[in-house]
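Visitor: A structural model of the following input is requested.
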Amino acid sequence: MLSQPLQVSFDLGNNRIVTIETGKLARQADGSVTVRQGNCIIMATVVANKEPKPGQEFFPLSVDYMEKFSSAGRIPGSFFKREGRLSDYEVLISRLVDRALRPLFPEDYFCEVQVIISLISSDAEIMPDALACLAASAALAVSDVPIKEIISEVRVARVDGNFVVNPSRTELGNADMDFIIGATEKNLMMVEGESKECREEDLVQALGIAHEAIKVQIKAQQELRDKKGVLQKRDYTKPETREAVLEKVKAFASDKMYEISKSGTAKHERSEAFSKLKEELLASFGEEPDEDDLKYASKYFEDLQWEIVRSMILDDRTRLDGRKLDEVRPLAMETDILPTPHGSALFTRGETQSLTTVTLGTPLDELLVESAAKSDYTKFILHYNFPPFSTGEIKFLRAPGRREVGHGNLALRSLKQMMPGSDYPYTVRVVSDILESNGSSSMATVCAGSLALMDAGVPFPKHIGGVAMGLITRASDNKYAILTDILGDEDHLGDMDFKVTGTREGICGVQMDIKIDGLSMDTMREALEQARKGRLHILDAMYECVSAAREEVKPHAPRMEKLFIDKEFIGAVIGPQGKVIQEIQRSTGTTINIEEIGNVGEVSVFSPAKEGLDKAVAWIRGIVAVPSVGEVYEATVKGIKEFGAFVEFMPGKQGLLHISEISWKRLENMDGVLKEGDTVKVKLIGLDQKTGKFKLSRKALIPKPDFANKPRPQDNGPKSDPEA
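Guide: Below is the predicted model of the structure:
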């Protein structure tokens, strides 16, 4: 007989109950749970190998979040009608969970661990990303896989001035702050999100609210673990140590490594010096060394570098490149450096460089962003590319990895805070190509993107800049150092990677990962203030480069004009089987997009040339215009009859110019008076309400001569059109 599943529940507030259950699904995994709120159900499983692979020297953790389309009662739209590789949206959620889980495992634990999180039932109003890490942590908690602590994540948004934990999808649409925070019972671990220029203290307040909610979720996981009876985690094989080799490495390399570290040289020179020192160290083991000794010597060399560089920063208050702790590297930037893209910028900060372009497209270029719960089109796209030459390496060129997706998303979330609203007609694509990288290429992307958007003439009201912060700590004497604009080595050797973007007025984006325990709120406030000063320094340089967006797009960028027409005219503009709109586009060289919004038709006209744009707009205006009796029009003769001429006085609208309305003189016939293709000014003098036929006059625009006032004898004259 199957054992009964175990459950615990807690309330998010306002009777929003979350239930964690284990023991029913996926029971062969080391740990398996479901997390349910409303109709949203997430299943998380964890499996860990009992032993590390031979020679394993790092912790192989994989975290994958997947959304089943069946969870929302949908069939995937792909050719194969099944889920394919993870979407960017799923990759981003996977990264959020991975970044929070990774520090939980012991530093000497090298067994492979796989965490799989699946959305198996979707709720249109419940955001699953806020529950994914809770599910993953709970699966680890009820397993015997060794972890140091239990964690969880929550979303905190500010809606109408009030902070809400795990808001609904509708509430989130009205939020001006949106952050996902991961934490243990005592310490913050991960922060990611965006805001509309919030203050630093607002962010600190959001973190405090999130931490209190996380403590409730951790308590629920502990209760579930205790119910299952997980009293002890499994033992694991720890890596071997060789004290004699360690002491030899320290004795040989410590002083030399310190001299290299404080030399203040550039990245490549410093790397070459460290590599040469390592070669000398390995050579000191003799002509026929023990291969295992060399392997451990290499590992201890890296460990020693970590220790010495950190001590130098903490004790000497100096950095690898010789900068002060709060100093930003030299800045260089320029715009309009490429002739063909619609906007371009080159941003260089120290040894990090981004070449960013902007392309303006039509609504037909919008990107479909699809998840199980919904499908939306977005008009703002940002792609981040990190080629291997940017770090002087040779690698196969692959599709963008998780790192590229995550870095691009941070830049996109930041820049979109200043993008124009939904009424802006262009689809905008920003592409950042990293040409050099030594620390925070994502922040270079934000700065270069802001410059390029202004260069493209996008109505971008304020510059957004970004800076990456670091933290070095030492528990033995409670020393710490906050670093502004960190290098790649400082990121690798440090305890925190904290990226902050924003305008002069406030924060627009945050991404933070903490590798240690015990980051206090006071330290957080200090880091935020130092980040603000660094950001303002960068923004000042950006405003010196470009003070405001171009008033118009560049001459080679597509021109655009938007018209709003009555809903009933949409069919007239499109025409039967699209013939009218196709003719307009073909004749004017334009691209026309029509959307029905309520009782209004939104017509967007795009053209590479102003002449074609004006012609298309006039054509459409003519189709939708309502003729008015008494108005004067420029008409084109379309056909000649014995009783007059049929003329087109508006696009798609014809009327009769009767022979008696052409001239004050009496005309016997139409010979030599008008011919097809002639243009003539006419006045609309009548509209038959029953038949809808228009009566036009040319003579009404000609001064009446004296002879026209004299009575004329009756004659038989030309016949009149019986329908005129």
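Visitor: and the closest residue to Lys533 other than its chain neighbours, what is it in contact with?
Guide: Closest residue in space to Lys533, ignoring its immediate chain neighbours: Asp326 at 6.9 Å, by Cβ to Cβ, 6 or more residues apart in numbering. To be clear about C-beta, it is placed using only N, CA and C from the backbone, and glycine gets the same treatment. When contacts are counted by Cβ atoms under 8 Å, 6 or more residues apart in numbering, Asp326 touches 482, 484, 530, 533-534.
Visitor: Average the pLDDT values over the longest helix anywhere in the chain and round to the nearest integer.
Guide: Assignment by DSSP state H gives helix 200-228 as the longest helix of the chain. Average pLDDT, helix 200-228: 95.
Visitor: How far away from the center of its chain is the helix or strand following it?
Guide: Remark: after helix 200-228, the chain's next helix or strand is helix 243-261, criterion DSSP states H and E. Computed by Cα atoms, centre = their mean, to the nearest Å, the chain-centroid distance of helix 243-261 equals 45 Å.
Visitor: Residues touching helix 243-261, excluding its own?
Guide: 270, 273-274, 277-278, 280-281, 284, 293, 296-297, 300-301, 304-305, 308-309, 312, 320.
Visitor: Could you identify the buried members of these?
Guide: 270, 273-274, 277-278, 281, 293, 296-297, 300-301, 304-305, 308-309, 312, 320 (16 or more other Cβ atoms under 10 Å).
Visitor: Mind checking which of these land in strands?
Guide: If you go by DSSP state E, the buried ones among the contacts of helix 243-261 have nothing in strands.
Visitor: What mean pLDDT does stretch 351-371 get?
Guide: 90.
Visitor: ugh, wrong one, stretch 375-384
Guide: Averaging pLDDT along stretch 375-384 yields 92.
Visitor: cool, stretch 312-332 as well?
Guide: 93.
Visitor: Helix, strand, or coil at the spatially most central residue of the chain?
Guide: Central residue of the chain (Cα atoms, centre = their mean): Leu412, 3.4 Å from the mean position. Here Leu412 is recorded as helix under DSSP: H, G, I helix; E, B strand; the rest coil.
Visitor: wait, doesn't it sit right on Leu367?
Guide: No. Counting by Cβ atoms under 8 Å, Leu412 stays clear of Leu367, with 11.0 Å between them.
Visitor: Using CSV, list the CA coordinates for the one helix or strand Tyr384 maps to.
Guide: Following DSSP H and E, one finds Tyr384 within strand 380-385. Extracted in CSV, the C-alpha atoms of strand 380-385 (Å, rounded to 0.1, in the frame of the first residue of the first chain):
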residue,chain,number,x,y,z
PHE,A,380,11.5,46.4,-27.8
ILE,A,381,14.1,43.7,-28.4
LEU,A,382,17.7,43.6,-27.0
HIS,A,383,20.3,40.9,-28.0
TYR,A,384,23.7,40.6,-26.3
ASN,A,385,26.6,38.8,-28.0
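Visitor: Am I right that Thr636 is in a strand?
Guide: Yes. Counting by three-state DSSP, Thr636 falls inside a strand.
Visitor: Tell me how far it lies from Asp671.
Guide: Plainly put, Thr636 is 20 Å away from Asp671 if you go by Cβ to Cβ, to the nearest Å.
Visitor: the more surrounded of the two?
Guide: Thr636 (14 against 10; other Cβ atoms under 10 Å).
Visitor: if we can go back for a sec, can you tell me which of the contacts of Asp326 are in helices?
Guide: 530, 533-534.
Visitor: and for Leu412 and Leu367, which residues touch both?
Guide: Joint contacts of Leu412 and Leu367 (Cβ under 8 Å, 6+ apart) are Ile381.
Visitor: Low-confidence ranges, the protein, go.
Guide: 1-2, 518, 652, 689-691, 706-724 (pLDDT under 70).
Visitor: repeat that with 80
Guide: Applying pLDDT under 80 to the chain flags residues 1-3, 77-80, 370, 372-374, 515-520, 625-628, 650-653, 687-692, 705-724.
Visitor: In it, what residue spans correspond to helices?
Guide: 88-101, 129-141, 169-172, 200-228, 243-261, 267-283, 291-316, 402-415, 441-455, 488-493, 521-545, 570-574, 579-588, 610-624.
Visitor: now for those helices, which one comes closest to Met190?
Guide: helix 88-101 (4.5 Å; Cβ to Cβ).
Visitor: Which strands or helices does that closest one pack on?
Guide: Here helix 88-101 touches strand 61-67, strand 113-121, helix 129-141, strand 152-159, strand 175-183, strand 188-198, helix 402-415, going by 3 or more Cβ pairs under 8 Å, 6 or more residues apart in numbering; DSSP states H and E.
Visitor: Dump the ones you listed into JSON lines; add distance to Ile20 as well.
Guide: Listed next are those as JSON lines, based on distance: least, Cβ to Cβ, whole Å:
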{"stretch": "strand 61-67", "distance to Ile20": "17"}
{"stretch": "strand 113-121", "distance to Ile20": "13"}
{"stretch": "helix 129-141", "distance to Ile20": "5"}
{"stretch": "strand 152-159", "distance to Ile20": "10"}
{"stretch": "strand 175-183", "distance to Ile20": "17"}
{"stretch": "strand 188-198", "distance to Ile20": "20"}
{"stretch": "helix 402-415", "distance to Ile20": "27"}
